[in-house]
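Novice: From the sequence below, what's the structure:
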Amino acid sequence: MPAIKHVTWFFLKICAIYAFFFLVNCEGIYSAAFRACGNAAYENMGNGGRIRLVKAPPEIKDFDIQVKLMNTKIAGARGTMEIATRKTGYLPAALTIALILATPIPFKRRLIALAIALAIMECFVLFQFYLRFVEILSQPGPLQVYNLSSFMMGVVTILVKSLSLTPVTSYIIPVVIWAMVILRKDQVAQLTALCRGEKSTATSGTSQGS
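Specialist: The predicted structure follows:
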């Protein structure tokens with residue numbers, strides 16, 4: 001019974017924190033931060049490629065960022081596309097925050113873990129979109145700045161489909177990141193004891209995180 005109580009409370013806290021970010025409109029803050037990081041990460045792509053992320057015009061629905069692609073080696077070689085970061089970035093980041101904040105560990109360690117986890121999460125999202133941009137900039141045409149072999153193109157395509165175009169991946173990664181930054185040896189022992197119903201170990205872990 002003690003184990004069920006602690007596990008239930010843990011999941012309730014996760015749901016409450018995630019629901020807050022789901023319902024409260026903080027997407028504009030995330031989108032602006034992602035544009036800033038993306039413009040730094042994607043400034044130079046391949047041989048002459050350049051990408052700029054700008055806020056999507058109001059008339060474009062369901063997308064928060066407009067991507068401007070260009071090949072600086074060819075005059076007038078430009079293109080645009082729209083992306084939405086809600087499902088691929090904002091909500092996974094919200095789940096990451098919920099998992100970290102709901103974990104019963106000391107407050108200072110929780111804040112450090114949160115900073116590390118969000119940094120890893122952002123790098124993953126940037127990598128997801130990087131793969132999509134590489135795929136686009138490898139297609140024959142004026143915007144082509146990558147000359148990938150058929151094998152490498154196949155690898156990129158598989159990675160795009162498995163990482164970027166599968167919504168489930170965006171919700172598995174936060175759990176993996178949470179485990180990476182939280183589950184130290186002592187935490188694994190604590191969770192094992194919790195699952196076994198050892199009240200003293202579980203209670204001490206909970207009191208440390210309060």
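
Novice: Find the residue at the geometric middle of this structure.
Specialist: M121 (3.9 Å; C-alpha atoms, centre = their mean).

Novice: May I ask which helix or strand encompasses that one?
Specialist: helix 107-136 (DSSP states H and E).

Novice: Pull the number of nearby residues for the residue nearest to A41 when sequence neighbours are not counted.
Specialist: Leaving aside its chain neighbours, A41 sits nearest to L126 (5.2 Å; criterion: C-beta to C-beta, 6 or more residues apart in numbering). For the C-beta atoms, the positions are set from N, CA and C on the backbone; glycine is no exception. Residues contacting L126 under the criterion other C-beta atoms under 10 Å number 17.

Novice: go on, P140?
Specialist: Residues lying near P140 (other C-beta under 10 Å) number 6.

Novice: mind checking the SS state of it?
Specialist: coil (DSSP: H, G, I helix; E, B strand; the rest coil).

Novice: So what does it look like in phi/psi?
Specialist: Phi and psi for P140, reported as degrees, to the nearest 10, are phi -60, psi 130.

Novice: how close does it get to A117?
Specialist: Distance, P140 to A117, by C-beta to C-beta, to the nearest Å: 40 Å.

Novice: Give me the contact list for the helix or strand containing A33.
Specialist: If you go by DSSP H and E, A33 is part of helix 27-41. With contacts defined as C-beta atoms under 8 Å, 6 or more residues apart in numbering, helix 27-41 is touched by 51-55, 64-65, 85-86, 89-90, 93, 122, 125-126, 129-130.

Novice: Right, I'll leave it there.
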